[in-house]
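A.B. asks: how would this look folded up:
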Amino acid sequence: MDAHASRPTLVGNDLMTKPSREEALAAVRTLIAWSGDNPDREGLLDTPKRVVDAYGEWFEGYSADPAKELSRTFEDVQGYDDMVLLRDIEVESHCEHHMAPFLGKAYVAYLPTEKVVGISKIARVVEIFSKRLQTQETLTQEIAKALEDNLTPAGVAVLIDAEHQCMTTRGVHHRHVSTITTRFTGAFKSDPALVERFLKLAKG
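C.D. replies: Predicted coordinates:
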């Protein structure tokens, strides 16, 4: 089968046909023409290819599995049951309403019970969910749920602080406004002191 041909693919819970690369290239050419420029102009001839390649990178999270990243764990933790926190994880995602980027940082913590996971895997989970069309609220919940489902921790805390270019480059045009979303589960949800400690360490 042609690697670039249309093929069925699972998106969310729906089976749909993913357009071929040629169809995607044609779509970019249409958008260039709709914008008022000539897609056959010398400076734009290779733009469809570049845009499609960029989309392949920006949205590669659809072809990755967060559960697989979290499947390799370590049980020899010497009784460690305190907070494991990763700060300043880069978030590069795209708003599902305007397909404009939102950029920021994620702060992710969990309280291990019997197993821990390599810290790079947590950053990878953030990356996988970020490289999909998202709302920041959904992104925050998806990260927390993946850790809950795969690590069975005593609790999970996720904070994302990001700026949305759908707000800064269009619409109200307000720059330097960041959006903060949080998700707390388990012990983090029931213990305000633990939440306060997480927020102090995350932003410290």
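A.B. asks: Within the helices and strands, which one has Gln141?
C.D. replies: Element membership of Gln141, judged by DSSP states H and E, is helix 136-151.
A.B. asks: Just want the most central residue of this protein.
C.D. replies: Ser130 (1.1 Å; C-alpha atoms, centre = their mean).
A.B. asks: quick one: contacts for that residue?
C.D. replies: Contact analysis of Ser130 by C-beta atoms under 8 Å, 6 or more residues apart in numbering lists 61, 91-93, 139. In short, each C-beta sits where N, CA and C put it, glycine included.
A.B. asks: again, only using 6 Å
C.D. replies: Neighbour list for Ser130: 91-93 [criterion: C-beta atoms under 6 Å, 6 or more residues apart in numbering].
A.B. asks: Of the residues you listed, just the buried ones, PyMOL syntax please.
C.D. replies: Typed into PyMOL, the line below selects the buried ones among the contacts of Ser130, using 16 or more other C-beta atoms under 10 Å:
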select buried, resi 91+93
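A.B. asks: if I look at the residue nearest to the centre of the chain, how far off is Asp46?
C.D. replies: Computed with C-beta to C-beta, to the nearest Å, the distance linking Ser130 and Asp46 is 27 Å.
A.B. asks: go on, Asp82?
C.D. replies: With C-beta to C-beta as the criterion, Asp82 and Asp46 are 53 Å apart.
A.B. asks: can you pull out the helices in the chain?
C.D. replies: Taking DSSP state H as the criterion, the chain contains helices spanning 21-35, 47-58, 66-69, 119-130, 136-151, 165-168, 187-190, 192-203.
A.B. asks: for the ones you listed, which one sits closest to Thr113?
C.D. replies: helix 136-151 (8.1 Å; C-beta to C-beta).
A.B. asks: buried residues in the closest one?
C.D. replies: Neighbour-count burial for helix 136-151 [16+ other C-beta under 10 Å]: 136, 139-148, 150-151.
A.B. asks: What of stretch 87-101?
C.D. replies: 89, 91, 93-95, 101.
A.B. asks: now do the same end-to-end measure for that stretch.
C.D. replies: 21 Å (C-alpha to C-alpha, to the nearest Å).
A.B. asks: how near is the closest residue to Val28 other than its chain neighbours to Pro39?
C.D. replies: With sequence-adjacent residues excluded and distances taken as C-beta to C-beta, 6 or more residues apart in numbering, Val28 is closest to Pro48, at 3.9 Å. Using C-beta to C-beta, Pro48 is found at 7 Å from Pro39.
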